[in-house]
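[1] Turn this into a structure:
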Amino acid sequence: MLVQHSAINSPHSTFNIQHSTLNTQHSTLNTQHANLIVDCRLLKNANSNSPPLSRFRWGAITIFPMTDSRHDITRRLTEGGLVAVIRADSGEQLVQVCKALCAGGVACSEITMTTPGALQAIERVAGELGKDALIGVGSVLDGETARLAILAGAQFVVSPILNPAVIEMAHRYGKPVIPGGLTPTEILSAWQAGADLVKVFPANHFGPTYFKDLLAPMPQLRLTPTGGVTLATAKSWLEAGAACLGVGGALVKKELIAAKDWRGLSQLARQFADIVAEYRR
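    Model prediction:
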């Protein structure tokens, strides 16, 4: 059923929806496990000047605004050039971590599912930082985890493996997905399955020259390394053809987090950001 130029009324507000599709069954709206995604620009409170809402409930349907498109988000990842891979012992301080990274010029962060309370951390960080940061989820192994993370606020999905269900789920919600691969066959299979970028993992075992070897016969690939990206190697990865860099422990240092040294973390982030900016100048 196509809903066009119509309105949904809540007890307090009117929300406009345009060109959204609802699944129906036997002429009755099937709301089981249903989610409606609408254009954020059209989801607004008609009775106030408040900003667009992040989500609201309409019966059994949770309505989430669609902000940037999948391709817009992918462009932000590649233009930024850096994704901080956050694998923390606790999700409690991740708002401060991501704020410090943003202050240093690294606006894209991947909160891994191995972090305790990862989904709650993603929701909290995405809500606090809003458009100032691009928060994604990492270490995703299945489609259901991808869905839960996206509903919590993740804007992109990263996996160490190739699972087509993860790609399908991320794309269903309009989010880019970065599955993992290592061999040429795995990497090409991920690309052909719809990957927006392919994560070469663990990249430290082969080094930047491996990217050159891969891209020579397959220049259409967009690759990002995870593992082995440091201040000393970042430029080499870019020179080898990396679309962006996934940086873990070399950037998100546990000792800085433990000491709550947010200034030190920002300064380290700035060093990485300066390398990317200098290379692309």
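
[2] is it true that Arg70 touches Leu197?
    No - Arg70 is not in contact with Leu197 according to C-beta atoms under 8 Å; the separation is 11.6 Å. C-betas here are computed from N, CA, C, even on glycine.

[3] which neighbours do these two share?
    Contact criterion C-beta atoms under 8 Å, 6 or more residues apart in numbering; residues bridging Arg70 and Leu197 by contacting each: Pro176.

[4] Look at those two and report which has more neighbours.
    Residue environment comparison for Arg70 versus Leu197 gives the larger neighbour count to Leu197, 25 against 18, counting by other C-beta atoms under 10 Å.

[5] pretty sure that one is touching Cys244, no?
    Yes - Leu197 sits in contact with Cys244 when judged by C-beta under 8 Å, with a separation of 7.2 Å.

[6] between those two, what contacts are shared?
    The overlap between the contact sets of Leu197 and Cys244 (C-beta under 8 Å, 6+ apart) consists of 77-78, 224.

[7] From these, which land in helices?
    Taking DSSP state H as the definition of helices, the shared contacts of Leu197 and Cys244 contribute 77-78.

[8] quick check, nearest of the shared contacts of Leu197 and Cys244 to Ile150?
    Distance from Ile150 was checked for each of the shared contacts of Leu197 and Cys244 by C-beta to C-beta. The minimum falls on Leu77, at 15.6 Å.

[9] Please, where are all the helices along the stretch 51-200 of the chain?
    Along the stretch 51-200 of the chain, counting by DSSP state H, counting those that start in this stretch, helices occupy 70-80, 94-103, 118-129, 143-152, 164-172, 184-192.

[10] Mean confidence (pLDDT) on the third one, please.
    In this model, helix 118-129 has a mean pLDDT of 96.

[11] Is it correct that Gly180 is in contact with Ser159?
    Yes - at 5.6 Å, Gly180 and Ser159 qualify as touching, with contact defined as C-beta under 8 Å.

[12] more crowded one of those two?
    Ser159 (27 against 24).

[13] what's near enough to touch the closest residue to Gln271 other than its chain neighbours?
    Of all residues not flanking Gln271 in the chain, Leu231 sits nearest, at 5.9 Å (C-beta to C-beta, 6 or more residues apart in numbering). Remark: with contacts taken as C-beta under 8 Å, 6+ apart, Leu231 is in contact with 250, 271-272, 275.

[14] Out of the shared contacts of Leu197 and Cys244, flag the one nearest to Gln267.
    Distances from Gln267 to these, taken by C-beta to C-beta, are shortest for Leu77, at 23.0 Å.

[15] Thought Ser109 was touching that closest one, still the case?
    No - with contact defined as C-beta under 8 Å, Leu77 does not reach Ser109; the gap is 11.0 Å.

[16] Could you pull out the residues contacting both of those two?
    Applying C-beta under 8 Å, 6+ apart, one finds that Leu77 and Ser109 are jointly contacted by 83, 134.

[17] follow-up on the earlier one: closest to Ser236 out of the shared contacts of Leu197 and Cys244?
    Nearest member of those to Ser236, counting by C-beta to C-beta, is Thr224, at 14.2 Å.

[18] do you know how far that closest one is from Gly264?
    Taken as C-beta to C-beta, to the nearest Å, the spacing of Thr224 relative to Gly264 amounts to 26 Å.

[19] returning to what we had before: most neighbours out of the contacts of Leu231, which is it?
    Of all the contacts of Leu231, the most densely surrounded is Phe272 (24 neighbours; neighbours counted as other C-beta under 10 Å).

[20] That one and Val83 touch, don't they?
    No - in this structure, Phe272 is not within contact of Val83 by C-beta under 8 Å, at 10.6 Å.
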